[in-house]
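In: Predicted model, plus sequence, below.
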Amino acid sequence: MPKGVYAAASAMVTETRLLDATARNIAHAQTPGYRREGQLRVGFAQVLGDEGRTGIARAGGAGVLPDGGYHSFTDGTLDPTGNQLDVAVHGDGFLVAQDAQGRNWLTRNGNLVLDAQGRLSTREGHLIQGQGGPITIPEDAQRVVIDESGLISIENRGSEGVVRTTLDQLRLATVAQPRAMASNGVYFDAGRQPLQDASASVHQGHLERGNVNPVEELVQMVSLQRRYDAAQKALIEQSRTGDGYSDILRG
């Protein structure tokens, strides 16, 4: 079989992965805290060359291969909501959310709620961590105030005016190599990387939308589709190479 068939087929597989990632980006453009996904690719000749098989690389190193993916950690757009439990994080940092198994996840999804025990949590039930662990909002709190440093206070109005009580401070964390974290685009697993204190600002009453530009993603999708179509046509032409040779040989 002509090696061009393999080259075209590998291009189709790789472009399909890129198309899938682009489609996910478009679908989650408005998802709070979503981080744009990208896919990497590498030439087959480079892979062979890195393995020291330079002769094979020169002779038959056609095609491309998937080479993993990554997420972009640029800031997304702030969207005012007016909800006192909504928070947007800007800068180098994530909220720390602990699941029921005690596992910490990093996220920029600040669409928060109170659980049945009055603890600050994500809508999936992950408990938002403060400097002292989970954060409980008293049932009689009339207003929750979160400043740019993540300091959480409650306000109650009494006979002597408004009384403000400080509860805790949001834990904002990051890791040395964010792109090495496993993720579904919203929740990130630091793995074995230790969590580090982050320098970020918190904006109450806002949500950070996905850091995706839908127009750019649509343009990329059209480009990827064209490359896929070109690879498909090349595959068909390459597969036809040699058609009729057997008839010629038979005379």
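Out: Everything's here; your move.
In: alpha carbons only for contacts and neighbour counts from here, please
Out: OK.
In: Could you report the neighbour count for Ala231?
Out: Taking other CA atoms under 10 Å as the criterion, the count of residues near Ala231 is 21.
In: That one and Val13 touch, don't they?
Out: No. Counting by CA atoms under 8 Å, Ala231 stays clear of Val13, with 9.8 Å between them.
In: So what pairs up with Thr107 in the strands?
Out: The partner list for Thr107 in beta bridges (DSSP bridges) reads Leu95, Tyr187.
In: How many residues are close by Arg119?
Out: By other CA under 10 Å, the residues close to Arg119 number 19.
In: Please name the residues that touch it.
Out: Under the criterion of CA atoms under 8 Å, 6 or more residues apart in numbering, the neighbours of Arg119 are Leu127, Pro134, Ile135, Thr136, Ile137.
In: Next: Ala116.
Out: Ala116 sits in contact with no residue, where contact means CA under 8 Å, 6+ apart.
In: Poorly predicted segments of the protein, please.
Out: Within the chain, the segments meeting pLDDT under 70 span 1-8, 41, 43-62, 65-67, 235, 238-239, 241-251.
In: Domains in it, by residue range?
Out: 3-74+212-250, 78-208 (automatic domain parsing).
In: if I've got this straight, Glu237 is in a helix?
Out: Yes. Secondary structure of Glu237 (DSSP: H, G, I helix; E, B strand; the rest coil): part of a helix.
In: Next, count neighbours for it.
Out: By other CA under 10 Å, the residues close to Glu237 number 13.
In: how far away is it from Ser10?
Out: Taken as CA to CA, to the nearest Å, the spacing of Glu237 relative to Ser10 amounts to 15 Å.
In: Asp229 too?
Out: 13 Å.
In: higher neighbour count, these two?
Out: Ser10 (21 against 14).
In: Show me what the strand or helix carrying the more buried one packs onto, helices and strands only.
Out: Counting by DSSP states H and E, the secondary-structure element that holds Ser10 is helix 3-27. Counting by 3 or more CA pairs under 8 Å, 6 or more residues apart in numbering; DSSP states H and E, the packing neighbours recorded for helix 3-27 are strand 37-43, strand 64-71, helix 214-239.
In: Check which helices and strands the last one sits against.
Out: If contacts are counted by 3+ CA pairs under 8 Å, 6+ apart, helix 214-239 sits against helix 3-27.
In: what's the answer for the first one, then?
Out: Counting contacts by 3+ CA pairs under 8 Å, 6+ apart, strand 37-43 is packed against helix 3-27, strand 64-71.
In: State the distance from the residue nearest to the spatial centre of the chain to Leu112.
Out: With distances taken as CA atoms, centre = their mean, Gly185 lies nearest the centre of the chain, 2.8 Å away. Here the distance between Gly185 and Leu112 works out to 17 Å (CA to CA).
In: Equivalent analysis for Val162, please.
Out: 25 Å.
In: Which one's more surrounded, the two?
Out: Leu112 (21 against 11).
In: residue contacts, Ala29?
Out: Counting by CA under 8 Å, 6+ apart, the residues that Ala29 touches are Arg209, Gly210, Asn211, Val212, Asn213, Pro214.
In: Quick check on it: phi, psi?
Out: phi -60, psi -30 (degrees, to the nearest 10).
In: try Arg35
Out: Geometry field for Arg35 lists phi and psi as phi -110, psi 130, criterion degrees, to the nearest 10.
In: okay, now it: neighbour count?
Out: Neighbour number of Arg35 under other CA under 10 Å is 29.
In: Would you check that it makes contact with Asn213?
Out: No. The pair Arg35 / Asn213 is not scored as a contact, 11.3 Å apart, by CA under 8 Å.
In: Count the residues that sit near the spatially closest residue to Thr22 that is not a sequence neighbour.
Out: The spatially closest residue to Thr22, leaving aside those adjacent along the chain, is Glu217, at 6.1 Å (CA to CA, 6 or more residues apart in numbering). In terms of burial, Glu217 registers 19 neighbours under the definition other CA under 10 Å.
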